[in-house]
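Participant: I would like the atomic coordinates for the input below:
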Amino acid sequence: MTEKRNPRSAAMDTLSTPHLVELFIQEEPEVTRAVVEASAELAAAVDLVSASLQVGGRLFYTGAGTSGRLGVLDASEIPPTFGAPPDLVQGIIAGGVTALHSAAEGAEDQPEAGELAMVERGVRAGDVVCGIAASGRTPFVLGSLRRARLLGAKTILITCNPSRTRTESWEVEIDLATGPELVTGSTRLKAGTATKLALNILSTCAMVRLGKVRGNLMIDVRATNAKLRDRAVRLVSELRGCDYESARARLAAASWSVRAALE
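Facilitator: From the prediction side, this is the model:
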C-alpha cells in the first residue's frame, strides 16, 4: 500500500503552489482517520507498555529511516518531559547515530543487525520492543522483533500497511491505513505523521499510567531552562494555591523538583 500511486496527486507536478499546498492539506484527514481506526490496538499497546514499565521493564523502539528517527525522537523527549531515566524508553535506528541525519538506506535490509541491536541493548524478559515499519516488512525491524521475542520481551509492530503479508504474529499489531502517499513511496509524509501520532499516544499514555501527570500537568518535568522553570513555578502555584513568588521559593528549596515542591 505504501508503494502504490495516489490518483489524487497524479498531476501534482503541474499544480500551482497554492494548489500544491491545498492538495497536502486535503490529504491530512487520512492520517486522523487511520489513527482513529486503530484506537483499540493503540489502547492494547498502551496497556502492554504500562504493565511492563510499572514492574521495572523498559520500552524500546526499533526502526529504519523515518520510522527509526521517529522512535529515537519520541524516546529522547521522555526524560525531560516526564523526569524518567534515559534508559526507560530507548530508540534504536538501523545504521546507528549517523542514520539520524544522513540516509543509511542499506542498513534496513539486515535482519541480523536488528537482532544484534537487541542483544547489545540488553533487551530482556519484562521489556517491550516496538518495531516501526511503514511497510511492515523491514528486515532490520523484523529481525529485532524475532530476537526480542526469544529474549522474553513482549512485542509490538506499528505499520502503515494493513494489506501486508502476515507470516509472523506479535502481541500487538497496529496497522495505520494511511493509504498511498502524495509522492509515491515517500513514507515520511502521511505514514510518518500517523506514526508520530501513534508514538505520542503510546508513550504519553504510558507516562500518565505511571503517575507522571497530575490532571494534565507534567509534575516530573525537568526545569532546566528559563521557560521550564517558569512553567514549573506556575504549575506549583496552581496546585498549591499559592502566589508565584511563594511557588518559586518552594521550588528553589526543593532543588527545582516539582514533585518535591508539591509535598
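Participant: from the chain's centre, how far out does stretch 167-179 sit?
Facilitator: Centroid separation between stretch 167-179 and its chain, computed with Cα atoms, centre = their mean, to the nearest Å, is 15 Å.
Participant: in the stretch 1-150 of the chain, which spans are helices?
Facilitator: 17-27, 29-37, 39-54, 65-82, 111-120, 139-150 (DSSP state H, counting those that start in this stretch).
Participant: if you compare these, which one is most tucked away?
Facilitator: Comparing these on average neighbours per residue, with mean count of other Cβ atoms under 10 Å, the densest one is helix 139-150 at a mean of 23. To be clear about C-beta, it is placed using only N, CA and C from the backbone, and glycine gets the same treatment.
Participant: name the helices or strands packed onto the helix or strand just after it?
Facilitator: Taking DSSP states H and E as the definition, the helix or strand that follows helix 139-150 towards the C-terminus is strand 154-159. In terms of contacts (3 or more Cβ pairs under 8 Å, 6 or more residues apart in numbering; DSSP states H and E), strand 154-159 is packed against helix 39-54, strand 128-132, helix 139-150, strand 172-175, helix 190-209.
Participant: Contacts made by strand 154-159 with the rest, please.
Facilitator: With contacts defined as Cβ atoms under 8 Å, 6 or more residues apart in numbering, strand 154-159 is touched by 45, 48-49, 52, 127-136, 141, 145, 148-149, 170-176, 195, 198-199.
Participant: so can I have TSV of the helices and strands packed on strand 154-159 showing mean pLDDT and distance to residue 81?
Facilitator: Below are the helices and strands packed on strand 154-159 laid out as TSV (pLDDT from 0 to 100; distance: least, Cβ to Cβ, whole Å):
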stretch	mean pLDDT	distance to residue 81
helix 39-54	98	15
strand 128-132	98	18
helix 139-150	98	25
strand 172-175	98	22
helix 190-209	98	8
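Participant: Kind regards, and thank you for your time.
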